[in-house]
Each structure stands twice: as C-alpha cells, then as structure tokens.
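*Asks:* all I have is the shape, not the residue letters:
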C-alpha cells in the first residue's frame, strides 16, 4: 500500500477517527524529531562548523553552544538559535 492509497482511503473515515489518527501522527513525528535531536546533541560540540538551510537560504557557521534541542550558531556577527535536527556537519 502506497501513501497515495492511504490518503485516498482516509476519505472513507469519520472526522473523529481522523482526529485520532492526526494526534497519533503528530506524537510519532515529535518522538522521531526528539530522537534525532538527542543523537545530534552528542555529535556536535562547540567550535564545530555546520550548515543548515533556513528561510533565507543556506547558512554556514560555527557552533557556540549546544543546548538540549537547539544550538547557538554564529554566522558572521549574527548568532542563530538553530534546531539540532536542521544542522549538518561541514
């Protein structure tokens, strides 16, 4: 069964079931993002050079501090608070 099949099948279910499904999906997404952040928290350290794609394009900077789910990344004179799951090592 493909994702498109699942989406088509959703039309046959009442709103309360779809709400339950939505709640379960959001919870699973949060668990996966939290696990990715935790894995990357131990991967990155202060001073590491990283890259990420934001609303204004691709950024490259150095980590100043790693927090629980985010890192402070210095790009030029600006410091950005970036979620760990968005960062990639350079």
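*Replies:* Yep, it's here. Quantities reported herein were computed from a predicted structural model and do not represent experimental measurements.
*Asks:* can you count the residues close to the nearest residue to residue 65 once chain neighbours are set aside?
*Replies:* The shortest distance from residue 65 to any non-neighbouring residue, by Cβ to Cβ, 6 or more residues apart in numbering, is to residue 72 (4.5 Å). Where you see a C-beta, it was placed from the backbone N, CA and C, and this is true even at glycine. Counted with other Cβ atoms under 10 Å, the neighbours of residue 72 add up to 16.
*Asks:* how near is residue 72 to residue 30?
*Replies:* 23 Å (Cβ to Cβ, to the nearest Å).
*Asks:* just residue 38 next, same as before
*Replies:* 12 Å.
*Asks:* and after the helix-or-strand element of the chain with minimal mean pLDDT, which helix or strand comes next?
*Replies:* Lowest by mean pLDDT, DSSP states H and E among the helices and strands of the chain is helix 3-10, with a mean of 90. Sequence order places helix 15-43 as the next helix or strand after helix 3-10, per DSSP states H and E.
*Asks:* quick check: angle from that next one to helix 3-10?
*Replies:* 150 degrees (axes from the mean of the first three to the mean of the last three Cα atoms, to 10 degrees).
*Asks:* distance from helix 15-43 to the middle of the chain?
*Replies:* 10 Å (Cα atoms, centre = their mean, to the nearest Å).
*Asks:* what are the buried residues along it?
*Replies:* Neighbour counts using 16 or more other Cβ atoms under 10 Å place 37, 40, 41 of helix 15-43 among the buried residues.
*Asks:* go through those and name the one nearest residue 60.
*Replies:* Each of those was scored against residue 60 by Cβ to Cβ, and residue 40 proved nearest at 16.8 Å.
*Asks:* find the nearest non-adjacent residue to that closest one, please.
*Replies:* Using Cβ to Cβ, 6+ apart, the closest residue to residue 40 is residue 84 (4.2 Å).
*Asks:* tell me who's in contact with the one you found.
*Replies:* Contacts for residue 84 (Cβ atoms under 8 Å, 6 or more residues apart in numbering) come out as 36, 37, 40, 41, 44, 66, 69, 70, 71.
*Asks:* got these as a markdown table, with pLDDT and distance to residue 16 columns?
*Replies:* Putting these into a markdown table (pLDDT from 0 to 100; distance: Cβ to Cβ, whole Å) gives the following:
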| residue | pLDDT | distance to residue 16 |
| --- | --- | --- |
| 36 | 87 | 31 |
| 37 | 85 | 32 |
| 40 | 86 | 37 |
| 41 | 87 | 38 |
| 44 | 93 | 42 |
| 66 | 95 | 42 |
| 69 | 88 | 32 |
| 70 | 94 | 36 |
| 71 | 96 | 40 |
